[in-house]
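**Q** Sequence and predicted model, in that order:
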Amino acid sequence: MIKLVLSDMDGTLLPHGQKRISARAKLAIHLLHQAGIAFGPSSGRERGAMFQPFWGDHRLYDTGILSNGKKVYLGGKLIDHRTLDQDGLQRLVGLVSDLPDALVNYYAPHGLRGIDRPSYVVVDCPQDEYQRIATAGRFTTRREFADHLPRHPKSEISCVCVCALGGQSRMDQLNGQLSQALPQFDFLQSSPIILDVAPHGVTKASALEVLRHALDIDLDEILYLGDSDNDVAMMRAIPNSVCMGDGTATARQAARWTIGRAADDAAAQVMEQLAAADGDLAGVSCLRETEG
């Protein structure tokens with residue numbers, strides 16, 4: 001029986017380019033709660049960046065794994081937090097700023113000045129280059145711009161990503177280049193143009209151990225939904241893993257089941273059927289066994 005559903009956001013619960021999960025997905029999460037099944041996002045995003053996608057309803061994201069495993073929340077409380085090496089981040093900006101069609105940005109929960117609404121801050125990137133990347137990535141969240149990373153100790157930055165154009169071969173090359181130069185970090189691909197930055201060895205799967213022990217549940221009592229390479233560690237750790245039909249090849253191979261596309265609310269369909277079956281996976285008919 002499933003007691004917890006964890007879902008990736010972008011490309012899984014939230015179709016790329018959309019600002020909010022669908023009304024159907026929102027209702028499906030409430031149906032899980034009514035059936036006694038916990039739900040939480042498992043995402044590279046920070047908690048503040050969950051407000052809009054979840055329609056401002058904090059009950060939908062009070063529990064979850066955020067910032068690609070760097071932060072774990074239970075009932076709205078932060079129960080685990082892993083930080084990024086700040087000197088390494090300074091070097092990362094220097095490396096990426098020398099590359100064409102690439103940028104570093106970080107999440108600022110109170111904006112660039114610390115007194116405003118949340119934004120993503122793009123660091124040391126020309127406007128024309130930013131526009132090309134933003135258009136290709138269909139950026140929908142607020143962006144601000146700075147010529148350097150803050151160095152003040154209180155300005156700790158934990159949600160950082162590298163965006164780049166050039167296709168998968170470019171992303172693979174960039175991943176290898178940055179990993180070699182900055183071994184204190186892992187670079188996890190979360191979309192066709194985005195590499196999320198994490199402390200070496202910190203993943204959604206490592207954070208999962210913190211969350212499941214806090215909830216006192218076993219791995220086989222968790223259902224995981226994802227679509228990208230940064231979901232693979234979770235899919236391999238959790239026996240009941242599901243990949244979107246338009247997910248990456250690596251993610252599809254790692255998952256036990258596949259379903260339809262994010263744009264067709266396939267994740268909501270899984271949650272609806274699971275809630276109706278009171279957590280019994282035998283009652284979820286939309287799951288297809290992964291071939292091979």
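**A** Everything's here; your move. Keep in mind that what you see is a predicted model, and the values were worked out from it rather than measured.

**Q** what ranges do the helices span in the stretch 51-200 of the chain?
**A** In the stretch 51-200 of the chain, the segments counted as helices under DSSP state H, counting those that start in this stretch are 86-97, 127-137, 167-181.

**Q** Pick the most deeply packed of those.
**A** Greatest average neighbour count among those goes to helix 86-97 (a mean of 17), per mean count of other CB atoms under 10 Å. No exception for glycine: its C-beta is placed from N, CA and C like everyone else's.

**Q** That one packs against which elements?
**A** strand 102-108, strand 160-164, helix 167-181 (3 or more CB pairs under 8 Å, 6 or more residues apart in numbering; DSSP states H and E).

**Q** got CSV for the ones you listed, with mean pLDDT too?
**A** Formatted as CSV, these follow (pLDDT from 0 to 100):
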stretch, mean pLDDT
strand 102-108, 95
strand 160-164, 96
helix 167-181, 96
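
**Q** nearest to Asp196, of the ones you listed?
**A** Each of the helices and strands packed on helix 86-97 has some distance to Asp196 by CB to CB; the shortest is strand 160-164, at 4.9 Å.

**Q** which residues touch that closest one?
**A** Strand 160-164 is contacted by residues 44, 84, 89, 92, 96, 99, 101-107, 133, 137, 170-171, 174, 178, 187, 190, 193-197 when judged by CB atoms under 8 Å, 6 or more residues apart in numbering.

**Q** can you tell me which residues contact the most centrally placed residue in the chain?
**A** Geometric centre of the chain, nearest residue: Ser43, 2.4 Å, by CA atoms, centre = their mean. Residues near Ser43 by CB under 8 Å, 6+ apart: Asp8, Met9, Asp10, Met50, Gly64, Ile65, Leu66, Ser67, Asn68.

**Q** can you put the helices and strands packed on helix 86-97 in JSON lines and add distance to Leu211?
**A** Shown next, in JSON lines, are the helices and strands packed on helix 86-97 (distance: least, CB to CB, whole Å):
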{"stretch": "strand 102-108", "distance to Leu211": "21"}
{"stretch": "strand 160-164", "distance to Leu211": "22"}
{"stretch": "helix 167-181", "distance to Leu211": "27"}
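
**Q** what's the burial count for Leu149?
**A** Counted with other CB atoms under 10 Å, residues neighbouring Leu149 total 19.

**Q** Give me the phi and psi for it.
**A** Torsion angles at Leu149 (phi, psi; degrees, to the nearest 10) stand at phi -80, psi 140.

**Q** so who does it touch?
**A** Contacts of Leu149 by CB under 8 Å, 6+ apart are Gln86, Leu89, Gln90, Val93, Tyr106, Val123, Ile157.

**Q** Report the lowest-confidence entry in those.
**A** Among these, Ile157 carries the lowest pLDDT, at 83.

**Q** Which pLDDT value does the model give Gly201?
**A** If you check Gly201, the pLDDT there is 92.

**Q** any idea which helix or strand carries it?
**A** Secondary structure assignment for Gly201, by DSSP states H and E: no helix or strand.

**Q** Disregarding residues adjacent in the polypeptide, which is nearest to it?
**A** Excluding its sequence neighbours, the residue lying closest to Gly201 (CB to CB, 6 or more residues apart in numbering) is Asp186, at 7.1 Å.

**Q** picking up where we left off before, same list (the contacts of Ser43) but as a markdown table, adding pLDDT and distance to Met244.
**A** Shown next, in a markdown table, are the contacts of Ser43 (pLDDT from 0 to 100; distance: CB to CB, whole Å):
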| residue | pLDDT | distance to Met244 |
| --- | --- | --- |
| Asp8 | 95 | 9 |
| Met9 | 94 | 12 |
| Asp10 | 90 | 11 |
| Met50 | 93 | 20 |
| Gly64 | 97 | 18 |
| Ile65 | 97 | 18 |
| Leu66 | 94 | 20 |
| Ser67 | 89 | 21 |
| Asn68 | 86 | 18 |
